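Colleague: next come a sequence and a model predicted from it.
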Amino acid sequence: MKKPFLSICLLLSAVAFAQTNTFMPDWTKNYSPSEIEGNRPVNSNGQPTGEWQYFLKSSIAYSNETFNYDTYIYKKLAQNKERVIETGKLNSNFLKTGIWKLYHDYIPNKVQFTGAYLDGYKEGVWTEYDYENNIVGTTYYVKGSIDGTVMKVKVYDDFTVKTTSQFKNDIQNGEEIETIVQGNKEYVFSKATYVNFKITGDKINYTVQGDVIAITSHNENGSISEKKEFFENGTLKKLSKPLPDDDGKKMWEHILYYPNGNFKMKYIEKNYRSYYNITSLKDINGADLDFGTLNNGSGTLKSYTDDGKLNSVTTVKKMVNDGPYSEFGTIRFEGIEYPYKTTGQINKDVKEGAYISTIEKDGKTITFQTSTFYQSIPIEQKNYNLNGVLQKEFSIDKSTGKKEEIIYYPSGAIKTKLQFQYPDAMLNVLVSKGPNGEDLDYGTLKNGSGTYKKYDMDGKLENTHTIEDGKIVTKK
């Protein structure tokens, strides 16, 4: 009689154990049973069966989960209790096992990460995807720790940056390589060696051809000790070294060189603003140049072209470009090159207000362009010939972004008046006239789609453009 009694006791113990071996999410430990809603069915023996729901009454995001006792499939749900955030299987000890999927926060049913668990730990290769299901990263795990090669991809409009790095026990150690993928071409952009998440030694940047374009040296603490930039011919272009901080602001000393190797400029940068003090400025032949009155981040700053010609004069206040501004260069009219000067105002690094561009001819100052800037964007502009006759103008409506452009014949008569959506989406032809004032057939363009016929200054058809959504798609 003892053996049947013992068997019954063991059976009762097993049933009791089964009844208590239930899955409860970790967050539920912080709330009373009355605060956790959801259907949690049991069978005739009182054991859990089917899908159990764990929904927090207060509806805090990510406090909604389900676990199916028949399939052992677990799901973490969004606040609406419908969209799946994470799903996979649990083992008999309720530890994650097998292949799991994690989904993007704002795109339903789009997998962001997938990989395997073993006894609750990530194991092997985990893959990351973007919204379009492109692979943008892979990470190798050993018992929950990152251990091996990690690859990350960033996709831009014209190219892709791929970074591969090495980890051991969740710590980055070893070589990191950045490569640029553009079309069918791939080249190494940079190489660096990491020790405990910090770069040690040199980080080297390369050109498409594989030539060194920059070297950034680091000390044992991972801080930058020196930067070198190079011209395409391999000569030193810029040498930068950190200086002691000034009142908590980062300070750098920069030395610039000409392509022939001669010294160009030495200046101090503070708090990542380009110029704080200039100590020396020379032309390509070694002659001293006047760099202005800049002192401790305020004054005037003069810049020059590589052949020693004055390029600009900028007013600087407390390391911010702020005040009168002048720009110098050359422009060609009727086959003759003239020096020009543009004057205007910069308001805290932003071009604002009226700008005037002039040339000197036969002892006279001639205005060839006037502009009005708003947040560094020209919203009005007029261009004149040397006789002062208006040749081209445009204006932009700041509230709508509509841009109207008028082109004139040398006589001053209107040739075309076009409408764009800023910056360059062509919408409508408002006026199209010949040199004698006659109307010309401009095509079928309307609201950004159709054909546009362009004529030369003699009124002869030059091109016919097919335009879709404001962009030229064909030209004949």
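Modeller: Okay, I see it. Numbers count the residues shown, from 1 in each chain.

Colleague: could you use CA atoms for every contact and neighbour count after this?
Modeller: Noted.

Colleague: what about the nearest residue to residue 433 once chain neighbours are set aside, how many neighbours?
Modeller: In this structure, residue 433 finds its nearest non-sequential neighbour in residue 439, 4.5 Å apart by C-alpha to C-alpha, 6 or more residues apart in numbering. Residue 439 is flanked by 12 other residues according to other C-alpha atoms under 10 Å.

Colleague: look at residue 439 and report its pLDDT.
Modeller: As predicted, residue 439 sits at a pLDDT of 96.

Colleague: and if you look at residue 11?
Modeller: On pLDDT, residue 11 comes in at 37.

Colleague: swap in residue 83?
Modeller: On pLDDT, residue 83 comes in at 89.

Colleague: for burial, what's the neighbour tally of it?
Modeller: Neighbour count of residue 83, defined by other C-alpha under 10 Å: 17.

Colleague: ditto for residue 298
Modeller: By other C-alpha under 10 Å, 19 other residues sit near residue 298.

Colleague: make residue 1 into 41 and carry on from there
Modeller: Let's use 41 as the start, then, which means that last one is residue 338.

Colleague: just give the closest residue to residue 105, not the sequence neighbours.
Modeller: Take residue 105 and drop its neighbours on the chain: the residue closest to it by C-alpha to C-alpha, 6+ apart is residue 116, 4.5 Å away.

Colleague: I'd guess that neighbour is in a strand, am I close?
Modeller: Yes: note on residue 116: a strand contains this position according to DSSP: H, G, I helix; E, B strand; the rest coil.

Colleague: can you tell me the closest non-neighbouring residue to residue 450?
Modeller: Per C-alpha to C-alpha, 6+ apart, closest to residue 450 is residue 431, 6.7 Å.

Colleague: just checking, that neighbour touches residue 455?
Modeller: No: look at residue 431 against residue 455 with C-alpha atoms under 8 Å: they stay out of range, at 9.6 Å.

Colleague: more crowded one of these two?
Modeller: Shown here are residue 431 and residue 455; by other C-alpha under 10 Å, residue 455 has more neighbours (26 against 21).

Colleague: element containing the more buried one, please.
Modeller: Using DSSP states H and E, residue 455 falls within strand 454-461.

Colleague: what do you get for residue 393?
Modeller: Assigned by DSSP H and E, residue 393 belongs to strand 390-401.

Colleague: elements contacting that strand?
Modeller: strand 376-387, strand 404-414 (3 or more C-alpha pairs under 8 Å, 6 or more residues apart in numbering; DSSP states H and E).

Colleague: in its sheet, what does the longest one sit against?
Modeller: Meaning strand 376-387. When pairing is defined by DSSP bridges, strand 376-387 lines up against strand 360-373 (antiparallel), strand 390-401 (antiparallel).

Colleague: with the shortest one instead?
Modeller: Its sheet considered, strand 404-414 pairs with strand 390-401 (antiparallel), strand 417-424 (antiparallel) by DSSP bridges.

Colleague: what's in contact with that strand?
Modeller: For strand 404-414, the external contacting residues (C-alpha atoms under 8 Å, 6 or more residues apart in numbering) are 391-400, 418-426, 428.

Colleague: how about 7 Å then?
Modeller: 391-400, 418-426 (C-alpha atoms under 7 Å, 6 or more residues apart in numbering).

Colleague: of the residues you listed, buried ones?
Modeller: Taking 16 or more other C-alpha atoms under 10 Å as the criterion, what is buried in the contacts of strand 404-414 is 391-399, 418-425.

Colleague: may I have the strand holding residue 393 exported as CSV, CA atoms only?
Modeller: Taking Å, rounded to 0.1, in the frame of the first residue of the first chain, the C-alpha atoms of strand 390-401 are listed here in CSV:
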residue,chain,number,x,y,z
VAL,A,390,23.7,85.5,-41.5
LYS,A,391,23.5,87.8,-44.5
GLU,A,392,20.7,90.3,-44.1
GLY,A,393,19.4,93.2,-46.0
ALA,A,394,20.8,95.0,-49.1
TYR,A,395,23.9,94.0,-50.9
ILE,A,396,25.4,96.0,-53.8
SER,A,397,28.0,94.8,-56.3
THR,A,398,30.0,97.3,-58.4
ILE,A,399,32.9,97.5,-60.8
GLU,A,400,35.2,100.3,-61.8
LYS,A,401,35.3,101.3,-65.5
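
Colleague: in the stretch 241-390 of the chain, which spans are strands?
Modeller: Secondary structure of the stretch 241-390 of the chain (DSSP state E, counting those that start in this stretch): strands located at 252-258, 264-270, 276-286, 289-297, 303-310, 313-321, 339-344, 350-357, 360-373, 376-387, 390-401.
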